[in-house]
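In: Show me the folded form of this:
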Amino acid sequence: MSNERKKNGGILNTIERVGNRLPHPIFIFIFMALLVVVISVFTSGTEVVHPGTGDVKVVQSLLSREGIVWILSSMVSNFTKFPPLGMVLVMMIGLGLAEETGLLRTVIRKMIVGAPKHLVTFIIVFSGIMGNIAGSATFVVIPPLGGLIFKALNRHPMAGIAAGFAGVAAGLSANLLITPTDVLSAGITEKAAQIIDPAMLVHPAVNWYFMIASTIVLSIIGTLTVEKIVEPRLGKYDASFASGEDHSGNVELVSITNEEKKGLKNAGIATILYIALVAFMVVPQNALLRHPETGTIVPSPFLSSMISILFFWFIIIALAYGYGAKTIRNSDDIVKHMTESMKSFAGFIVLCFFAAQFVEFFAYTNLGLLLSVKGADFLKTTGFVGAPLIIGFVILVALINFLIGSSSAKWALLAPIFVPMFMQIDLSPALTQAAYRIADSVTNSISPLEPFMPYIIVLAQRYDKRSGLGTVISAMIPLALAFLISWVILLLIWYFVNIPLGPGAGIGM
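Out: Numbering: from 1, shown residues only. Okay, here's the model as predicted:
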């Protein structure tokens, strides 16, 4: 650790050291699975009444003859039927093609470059939030563009970097579209909810309405925080301390090329035609994607087919853009782009294997049911329910986020405990998931464990070689707090007014 970081770090350095000493999430899942095995032995035979059916369930030992046979015979099926695995991989084939052809990066540049001066900050924060659909690539595009544009406008580059970083990191879960985060979260939430209700289905759009509103609110809050707090604190930019080195990730403040414009035009036309086709299959009363018996949209094949619908949309617009922008020249390029996009998911696949075993261990033993019922009884007895519980849960997860960086790992660990528990006190899985996603996002921009934090530090040093971890953290804390407070208030408004979080996804059970 550098002397600069030691000097500026304080408690954040302590958090970084503790977090770095934690084992990889895979080993956390292994440990937790073994812990479930041990607990199942000591609690074997404990009876618990299923709150949904009224049936008496018994905790089963995983070290009994039946338990050992189940572990060995179910290992493969536990993995293959783990909902996030297939859902995310299918989504990423299409989304990855859109990323590899350059479509997503071009859209982001189009949104930022040439924006009206009075809207620059808003566009940067908004683009960061929306750009999350492109995954980690957004981290190396939005903050550098923010710094370049702010410098070009004679504003402090660090404020532009902070605006971009706030959008991509602290606003990670918000978006106007259904994103891989929605897909991954819904799969884990559904599996956890089925501990209480085996028939429970959680589609990727359960938080969609809330996340649309969150995108607008966070973009406004981020803009106000940057312009009223962060930028005034930084003062006038002094270019004499610039390092002179280019660490911008080769992101340039350039206009969209004619080929890219043609690609975007093609993608826009393809989107309009595709939306028209989907609308034709959804809007008419007896349309193909409505419920065959009731004719409703909620529930309907439309919602259960959301992954497939998004998959085909990304494929179509990626091909339309790629041929227009000449980033796709033949069929081999299509296969290459799809394959390239999947390479980074090897670690995710391995993580899913161990996460699936832990989740299924929890379900098989009935420990998840026991813990949720006992936990719900405790919350009811103490009166710690409703809004205070939601706020407490958000704060708990936000603190855990300083120690475990992986969003999917945290949710796979927490969902089997909190989703069924909160269902017992009339909080829907969709609400619990929304609260988790808020907490999981806001502290990313101030966590030393954020994978892109070193990149942001180096980026800041491009404009001021004295910059370190403390520089970045001090710029981001106002934004993280503003996002946390405003996002929790927004969720509480949703809770008290009883607004649906998404299609067919209410606040209560």
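In: who are the neighbours in contact with residue 173?
Out: Neighbour list for residue 173: 132, 181, 207, 211, 214, 437, 438, 440, 441 [criterion: C-beta atoms under 8 Å, 6 or more residues apart in numbering]. All C-beta spots, glycine's among them, are computed from the backbone N, C-alpha and C.
In: And the second one, what's its pLDDT?
Out: In this prediction, residue 181 carries a pLDDT score of 83.
In: hmm, back to that, show me which of the contacts of residue 173 is closest to residue 270.
Out: Each of those was checked against residue 270 using C-beta to C-beta; the closest is residue 132, at 22.2 Å.
In: give the contact list for the closest one.
Out: 138, 168, 171, 172, 173, 174, 175, 179, 181.
In: if we can go back for a sec, just checking, which of the contacts of residue 173 belong to helices?
Out: 181, 211, 214, 437, 438, 440, 441 (DSSP state H).
In: Next, residue 48: secondary structure please.
Out: Following DSSP: H, G, I helix; E, B strand; the rest coil, the label given to residue 48 is strand.
In: Nearest residue to it in space, please, no chain neighbours.
Out: Leaving aside its sequence neighbours, residue 48 sits nearest to residue 370 (C-beta to C-beta, 6 or more residues apart in numbering; 4.7 Å).
In: Can you classify residue 57 by secondary structure?
Out: Taking three-state DSSP, the label given to residue 57 is strand.
In: my bad, should have said residue 177
Out: Assignment for residue 177 (three-state DSSP): coil.
In: So for it, what's the pLDDT?
Out: 85.
In: Thought residue 107 was touching it, still the case?
Out: No - in this structure, residue 177 is not within contact of residue 107 by C-beta atoms under 8 Å, at 11.5 Å.
In: higher neighbour count, the two?
Out: residue 107 (22 against 14; other C-beta atoms under 10 Å).
In: low pLDDT regions in the protein?
Out: Within the chain, the stretches with pLDDT under 70 are 1-22, 52, 114, 134-137, 241-254, 298, 344, 405-406, 449.
In: Mind naming the longest helix for it?
Out: From DSSP H, the single longest helix across the chain is helix 469-497.
In: any idea how far it is from the chain center?
Out: Relative to the centre of its chain, helix 469-497 is centred 16 Å away, using C-alpha atoms, centre = their mean, to the nearest Å.
In: could you list every residue that touches residue 208?
Out: 178, 182, 501, 502, 503.
In: so the fourth one bridges to which residues?
Out: If I follow you right, that is residue 502. Taking DSSP bridges as the rule, residue 502 bridges to residue 505.
In: how close does it sit to residue 28?
Out: Residue 502 sits at a distance of 30 Å from residue 28 (criterion: C-beta to C-beta, to the nearest Å).
In: same deal with the last one?
Out: As for residue 503, its distance to residue 28 is 34 Å (criterion: C-beta to C-beta).
In: Comparing these two, which residue is more hemmed in?
Out: Neighbours per residue, other C-beta under 10 Å: of residue 503 and residue 28, the larger number sits with residue 28, 20 against 17.
In: tell me what the particular helix or strand that has the more buried one in it is packed against?
Out: Using DSSP states H and E, residue 28 maps to helix 25-43. Other elements packing on helix 25-43 under the criterion 3 or more C-beta pairs under 8 Å, 6 or more residues apart in numbering; DSSP states H and E are helix 346-365, helix 367-382, helix 407-423.
In: and these as TSV, adding distance to residue 287 and mean neighbour count?
Out: Listed next are these as TSV, based on distance: least, C-beta to C-beta, whole Å; neighbours: other C-beta atoms under 10 Å:
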stretch	distance to residue 287	mean neighbour count
helix 346-365	35	20
helix 367-382	38	17
helix 407-423	32	24
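In: Take those helices and lay them out in JSON lines including distance to residue 33.
Out: Listed next are the helices and strands packed on helix 25-43 as JSON lines, based on distance: least, C-beta to C-beta, whole Å:
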{"stretch": "helix 346-365", "distance to residue 33": "5"}
{"stretch": "helix 367-382", "distance to residue 33": "11"}
{"stretch": "helix 407-423", "distance to residue 33": "11"}
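In: wait, which of those is closest to residue 118?
Out: helix 407-423 (34.2 Å).
In: Summarise which helices and strands the closest one is packed against.
Out: helix 25-43, helix 180-193, helix 346-365, helix 367-382, helix 386-400, helix 429-442.
In: Identify whichever of those lies nearest to residue 124.
Out: helix 429-442 (17.3 Å).
In: tell me which residues of the closest one are tucked away?
Out: 429-442 (16 or more other C-beta atoms under 10 Å).
In: quick one: stretch 93-100 to chain centroid distance?
Out: On C-alpha atoms, centre = their mean, the centre of stretch 93-100 falls 17 Å from that of its chain.
In: Stretch 455-471 now?
Out: Worked out by C-alpha atoms, centre = their mean, stretch 455-471 lies 26 Å from the chain centre.
In: What residues of it count as buried?
Out: Applying 16+ other C-beta under 10 Å to stretch 455-471 flags 455-457, 459-464, 467-471 as buried.
In: Show the end-to-end separation of it, please.
Out: 13 Å (C-alpha to C-alpha, to the nearest Å).
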